[in-house]
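S.K.: Generate coordinates for the sequence data below:
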Amino acid sequence: MNGTRTLSESFVLCNILEVEVEHNGIKGGDAGHGGYVKIRISDVDGNTAMDAVVTREDDAKGDEAKEIVMTFRGDHERDTLLAGLKMIVKELKENR
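M.R.: Numbers count the residues shown, from 1 in each chain. All right, here's what the predicted structure looks like:
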């Protein structure tokens with residue numbers, strides 16, 4: 001794949017969760033080869049019960065995280081998250 005692809009979609013139940021994935025395909029190696037995937041999950045209307053915690057090591061270089069924990073509370077949050085993750089997986093599988 002040449003270039004960068006960005007796909008964004010909203011998933012609506014009692015909450016509205018917007019999920020975006022940006023990537024530049026397979027680049028043949030580790031981070032030094034330039035490949036990346038960026039995922040953004042946004043609460044559109046203030047109705048999504050979610051939280052995130054990023055843990056960094058004391059000696060972490062730059063912005064590297066040791067752990068990212070996301071919590072979604074509620075049945076509809078679970079369902080919109082699942083739909084968003086399915087969209088991300090489909091995009092990354094089909095556009096290498």
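
S.K.: Which strand or helix spans the residue most central in space within the chain?
M.R.: Nearest to the geometric centre of the chain sits Ile39, at 2.5 Å (CA atoms, centre = their mean). In this assignment (DSSP states H and E), Ile39 forms part of strand 37-43.

S.K.: As CSV, could you dump the C-alpha coordinates of that strand?
M.R.: The C-alpha coordinates for strand 37-43 follow below in CSV (Å, rounded to 0.1, in the frame of the first residue of the first chain):
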residue,chain,number,x,y,z
VAL,A,37,-1.4,2.4,13.0
LYS,A,38,-3.2,5.2,14.9
ILE,A,39,-6.6,4.6,16.5
ARG,A,40,-8.8,7.4,17.8
ILE,A,41,-12.0,6.6,19.8
SER,A,42,-14.2,9.7,20.5
ASP,A,43,-17.4,10.3,22.4
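
S.K.: circling back to that earlier point, what pLDDT does the nearest residue in space to the residue nearest to the centre of the chain that is not next to it in sequence get?
M.R.: For Ile39, ignoring the flanking residues on the chain, the nearest one in space by CB to CB, 6 or more residues apart in numbering is Val21 at 5.5 Å. Yep, even glycine has a C-beta here, placed from its N, CA and C like the rest. pLDDT recorded at Val21 is 97.

S.K.: Backbone dihedrals for Val21, please?
M.R.: As for Val21, its main-chain torsions (degrees, to the nearest 10) stand at phi -130, psi 130.

S.K.: residues in contact with it?
M.R.: Thr6, Leu7, Ser8, Val37, Lys38, Ile39, Arg40, Met87, Ile88, Glu91, Leu92 (CB atoms under 8 Å, 6 or more residues apart in numbering).
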